[in-house]
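K.L.:
structural data only, the sequence is not supplied:
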């Protein structure tokens with residue numbers, strides 16, 4: 001199952017391999033950094049084995065005891081203890097070997113002495129006369145063994161002197177080491193008071209290997225009060241390792257949570273984008289068709305009015321020109337009559353031709369107006385298309401044709417209303433002179449044509465607002481067809497967009513799964529941390 005750190009690292013690697021590599025590098029980093037809070041002088045002294053009163057330093061284990069101080073002016077000073085510990089080990093080995101030799105010699109003496117009777121080994125007192133003969137006899141008998149005993153005793157004495165010499169050398173070395181340590185301690189005290197920074201390495205002592213003591217908490221794996229550090233110097237590596245593990249697990253959880261949040265944000269942005277894409281098409285929908293048509297029609301009405309007004313002015317000019325030509329022709333024919341019969345013939349011809357001529361003029365004006373109205377409607381087509389462009393309507397390949405409702409125009413032209421009337425005929429039957437009849441006929445023709453012109457112009461003016469409405473109705477018809485095209489296009493576009501959104505959402509399934517996995521891993525690490533804290 002692995003340690004808590006390994007589980008956190010593996011979980012992090014599933015979401016951010018680079019962050020997992022950084023986490024593992026931080027885990028493998030040595031030494032552990034333990035920051036001391038409070039007065040650390042005693043802790044430093046205990047760690048380095050010297051009472052120096054240093055309160056601000058970095059202390060760690062090293063291959064030999066030494067320190068490096070950087071002063072305020074930027075210069076540095078370094079001191080190191082000689083390799084006395086290694087020398088002392090050699091001397092201790094010499095003492096142990098000498099004592100082993102002494103023990104072996106003592107054993108040899110005891111073994112040699114046990115082979116000689118005690119009477120022989122102990123020379124009688126001078127007054128023990130009865131024992132002397134026996135001692136001499138036995139000494140002669142055990143003379144060789146006595147020589148071995150004497151040799152063993154001599155070797156034992158040599159071994160004892162070797163032990164004494166080794167112990168003396170060890171004591172001398174210890175004295176020299178104490179002197180060196182004293183000078184080292186004095187140098188350390190001297191620079192500690194003025195040093196800007198101080199780094200101390202110790203070759204031995206209670207400080208655990210792989211731990212560095214500092215006073216600055218920045219970047220530390222653990223911050224402990226001085227009193228707790230002092231009693232746990234030998235276990236600081238384990239304590240700091242546990243603290244680093246918890247800190248790195250928390251960091252891994254934070255990174256995983258951030259990764260999950262980033263994925264969740266990405267999904268939220270995607271969903272918002274999906275809603276925006278669909279809402280864009282919804283916004284193109286025309287809910288109130290009649291209101292839309294009314295608004296667009298009202299927008300183009302000034303153009304309709306201006307176009308119709310210009311058209312009617314042109315029609316009035318054409319009508320006036322034709323009626324003037326007709327008046328000139330009629331009056332000229334009447335004036336050219338030489339006698340009463342000729343005048344009667346002219347009047348008859350005018351009476352017969354008048355309805356056809358005025359009908360022709362009316363038809364020409366109507367055709368001119370009809371073409372002009374079609375032109376006004378045609379000119380408004382781009383405006384109608386532009387009004388639907390915000391609603392997504394693609395430009396139609398060709399214009400939609402809408403019929404303009406018919407408008408009655410110039411009803412007074414044509415029929416009996418265009419004739420000169422019976423007055424001219426009645427004038428020819430009275431007893432009047434020829435000149436008077438011709439003059440009356442000419443004035444009657446002129447008056448009738450002026451009346452026709454006045455009535456026709458009035459009818460043109462009356463038809464103008466009806467033409468406005470007719471064109472507006474045609475515009476409404478065209479808008480209705482365009483709206484139908486827009487609605488058809490919109491439904492197809494929305495269907496296509498919904499399918500695209502579904503496909504894009506399916507493409508985000510892996511992102512959603514990664515987000516869910518990140519949140520699960522973060523929750524699992526949070527539970528682990530809660531269990532450790534409990």
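P.N.:
All right, it came through fine. Source: prediction; values computed, not measured. Numbering: from 1, shown residues only.
K.L.:
mind listing the strands for the chain?
P.N.:
Applying DSSP state E to the chain gives strands spanning 32-37, 58-61, 66-71, 76-80, 195-202, 211-214, 222-225.
K.L.:
which of the ones you listed sits closest to residue 133?
P.N.:
strand 195-202 (72.0 Å; C-beta to C-beta). Where C-beta positions appear, they are placed from N, C-alpha and C, glycine not excepted.
K.L.:
chain center to the closest one: distance?
P.N.:
Its chain's C-alpha centre and that of strand 195-202 lie 45 Å apart, by C-alpha atoms, centre = their mean, to the nearest Å.
K.L.:
give me the buried stretch members for it, please.
P.N.:
Neighbour counts over strand 195-202 (16 or more other C-beta atoms under 10 Å) mark 195, 198-202 as buried.
K.L.:
now swap in stretch 166-177 and tell me
P.N.:
166, 170, 173, 177.
K.L.:
make TSV from the residues you listed and add pLDDT to it.
P.N.:
Converted to TSV, the buried residues of stretch 166-177 look like this (pLDDT from 0 to 100):
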residue	pLDDT
166	81
170	79
173	77
177	75
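K.L.:
can I get these in JSON lines with distance to residue 217?
P.N.:
Formatted as JSON lines, the buried residues of stretch 166-177 follow (distance: C-beta to C-beta, whole Å):
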{"residue": "166", "distance to residue 217": "49"}
{"residue": "170", "distance to residue 217": "44"}
{"residue": "173", "distance to residue 217": "41"}
{"residue": "177", "distance to residue 217": "36"}
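K.L.:
mind checking which of those are in helices?
P.N.:
166, 170, 173, 177 (DSSP state H).
K.L.:
farthest pair within those residues?
P.N.:
166 and 177 (16.1 Å).
K.L.:
ok, back up a step: columns pLDDT and distance to residue 340 on top of the buried residues of strand 195-202, output as TSV?
P.N.:
Converted to TSV, the buried residues of strand 195-202 look like this (pLDDT from 0 to 100; distance: C-beta to C-beta, whole Å):
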residue	pLDDT	distance to residue 340
195	78	149
198	85	149
199	87	147
200	87	152
201	88	152
202	87	155
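K.L.:
how about the contacts made by the closest residue to residue 505 other than its chain neighbours?
P.N.:
Nearest non-adjacent residue to residue 505, counting by C-beta to C-beta, 6 or more residues apart in numbering: residue 274, 6.8 Å away. By C-beta atoms under 8 Å, 6 or more residues apart in numbering, residue 274 lies in contact with 501, 504-505.
K.L.:
what pLDDT does residue 34 get?
P.N.:
If you check residue 34, the pLDDT there is 90.
K.L.:
and the gap between it and residue 196?
P.N.:
Noted for residue 34: a distance of 22 Å to residue 196, by C-beta to C-beta, to the nearest Å.
K.L.:
residue 373 now?
P.N.:
From residue 373 to residue 196 the distance is 98 Å (C-beta to C-beta).
K.L.:
with residue 30 instead?
P.N.:
From residue 30 to residue 196 the distance is 25 Å (C-beta to C-beta).
K.L.:
ok, now residue 39?
P.N.:
With C-beta to C-beta as the criterion, residue 39 and residue 196 are 20 Å apart.
K.L.:
then residue 127?
P.N.:
86 Å.
K.L.:
any chance you could map the helices in the protein?
P.N.:
Going by DSSP H, the chain shows helices at 4-13, 17-28, 41-48, 84-114, 118-121, 132-141, 143-192, 226-231, 236-284, 289-335, 340-388, 422-429, 434-507, 509-533.
K.L.:
point out the most buried one among these.
P.N.:
Scoring the helices of the chain by mean neighbour count under mean count of other C-beta atoms under 10 Å gives helix 41-48 as the most buried, with a mean of 22.
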